[in-house]
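Asks: prediction below, plus the sequence it came from.
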Amino acid sequence: MRKGSLKSTLIIVGLLGLLSVSGALFYKLYQHERSQSDRISNLQESVSLLSLKLNDSLTDIMNWPADKFNYLAIGNSLTIHGISTFWWNKIGMAATEEEKDYFHIVSNQIEQQLGAVFSFPMNFSVWETQYHDRDETLEFLDKYLAPEIDLITVQLGENAFNLNTYKQDYSSLLSYLRKSCPKARILVVGDFWTYQDRDGLKEQACAEVGVEYVSLMGIKDNKKYQCGLGSTVFDADGKPHIVEHEGVASHPGDKGMAAIADRILQAVFSKPFQTILNKGE
């Protein structure tokens, strides 16, 4: 064999060996990163669940009045978000003020049409992120559920990115609500942002359980319904704040909130309730 050929062969063998070692190192690094990512995800779930437990321990059992129309809104940050460094009012993100988030619009319109309303919004986003066992979180709904509830809107999904058991988990959630609130009409609100077939799975779960689905088609992913960077919103004291957080900016602004509320109200009044007025009689 000529020296040139031998040298080329040795170079190729060396390169193959280097690629093999590099591949093994890359695989180990990938496995390490994946394991670390899973641990971070599990930690985030644990923190979210712990936060829910702490908040739950401070919350009294809801007493729903027998003589009013009772409305429970279960959702994520679109329904209600706590005060933080980037959000300044305990309302649906990113409405400019309380009366302009979809929950308050729906509550006020129902009151105008049906009389006295008792309504309550709760953030249940931990259900979305607790993908290893979403059913584990359902017991935390118990303080809020009761046979006296007339209407439940479920606005959940946007924070769910692991969809392995998503449809089954949604069906389980809806069945849980129906069992605890047998006379309530349950309306499930479609997603505001698209992610894979998440919204389709949600709609399938509604059909499976026999629950009404409210589509946000035409509203979802539409920037004209989003808050946008640089928008002005107000805290509970009326002090203005400028939206500089991209996550907040992508949430529905006043126009988006009004559009969502309109879809819900169309569904609410599409057929009469069995118990609307004079509940105490």
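Replies: Sure, I can see it. Just so you know, these numbers come straight off a predicted model, no measurement behind them.
Asks: for the residue nearest to the spatial centre of the chain, give me the pLDDT.
Replies: Geometric centre of the chain, nearest residue: residue 156, 3.4 Å, by CA atoms, centre = their mean. As summarised for this prediction, residue 156 has a pLDDT of 98.
Asks: that one contacts residue 122, doesn't it?
Replies: No. Using CB atoms under 8 Å as the test, residue 156 is too far from residue 122 to be in contact (10.8 Å). Yep, even glycine has a C-beta here, placed from its N, CA and C like the rest.
Asks: joint contacts of those two?
Replies: Between them, residue 156 and residue 122 share the neighbouring residues 74-75, with contact defined by CB atoms under 8 Å, 6 or more residues apart in numbering.
Asks: wait, a strand at residue 191?
Replies: No. Counting by DSSP: H, G, I helix; E, B strand; the rest coil, residue 191 is not found in a strand; it is coil.
Asks: which residue, other than its chain neighbours, is closest to it?
Replies: Nearest non-adjacent residue to residue 191, counting by CB to CB, 6 or more residues apart in numbering: residue 199, 4.3 Å away.
Asks: average pLDDT for the host helix or strand of the one you found?
Replies: With elements delineated by DSSP states H and E, residue 199 resides in helix 198-209, which encompasses its position. What helix 198-209 shows for mean pLDDT is 98.
Asks: any residues touching it, and which ones?
Replies: Helix 198-209 is contacted from outside by 157, 160, 163, 166-168, 170-171, 174-175, 178, 188, 190-191, 211-213, 215, 220, using CB under 8 Å, 6+ apart.
Asks: try 10 Å
Replies: By CB atoms under 10 Å, 6 or more residues apart in numbering, the surrounding residues in contact with helix 198-209 are 128, 154, 156-158, 160-161, 163, 165-175, 177-178, 186-193, 197, 211-217, 220.
Asks: using CSV, write out every CA atom in it.
Replies: Backbone C-alpha positions of helix 198-209 (Å, rounded to 0.1, in the frame of the first residue of the first chain) are rendered in CSV as follows:
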residue,chain,number,x,y,z
ARG,A,198,-55.2,20.8,21.4
ASP,A,199,-58.4,22.7,20.7
GLY,A,200,-59.7,19.8,18.6
LEU,A,201,-59.0,17.3,21.5
LYS,A,202,-60.9,19.6,23.8
GLU,A,203,-63.9,19.7,21.5
GLN,A,204,-63.8,15.9,21.2
ALA,A,205,-63.9,15.6,25.0
CYS,A,206,-67.0,17.9,25.1
ALA,A,207,-68.8,15.7,22.6
GLU,A,208,-67.8,12.6,24.5
VAL,A,209,-69.3,14.0,27.8
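Asks: name the residues of the following helix or strand past that helix that are buried.
Replies: Past helix 198-209, heading to the C-terminal end, the next element that is a helix or strand (DSSP H and E) is strand 212-214. Neighbour counts over strand 212-214 (16 or more other CB atoms under 10 Å) mark 213-214 as buried.
Asks: quick one: average pLDDT of strand 212-214?
Replies: For strand 212-214, the per-residue pLDDT values average out at 98.
Asks: adjacent strands (with direction) for it?
Replies: Its sheet considered, strand 212-214 pairs with strand 185-189 (parallel) by DSSP bridges.
Asks: looks like residue 88 contacts residue 239 (just checking).
Replies: Yes. With contact taken as CB atoms under 10 Å, residue 88 and residue 239 are classed as touching, separated by 7.6 Å.
Asks: give me the common contacts of those two.
Replies: Taking CB under 10 Å, 6+ apart as the contact criterion, the residues that touch both residue 88 and residue 239 are residue 233.
Asks: neighbour-wise, which of those two wins?
Replies: In this view residue 88 and residue 239 are compared by other CB atoms under 10 Å, and residue 88 has more residues nearby, 18 against 10.
Asks: tell me which residues in the helix holding residue 199 are buried?
Replies: By neighbour count on 16+ other CB under 10 Å, the buried set for helix 198-209 is 198-199, 201-206, 209.
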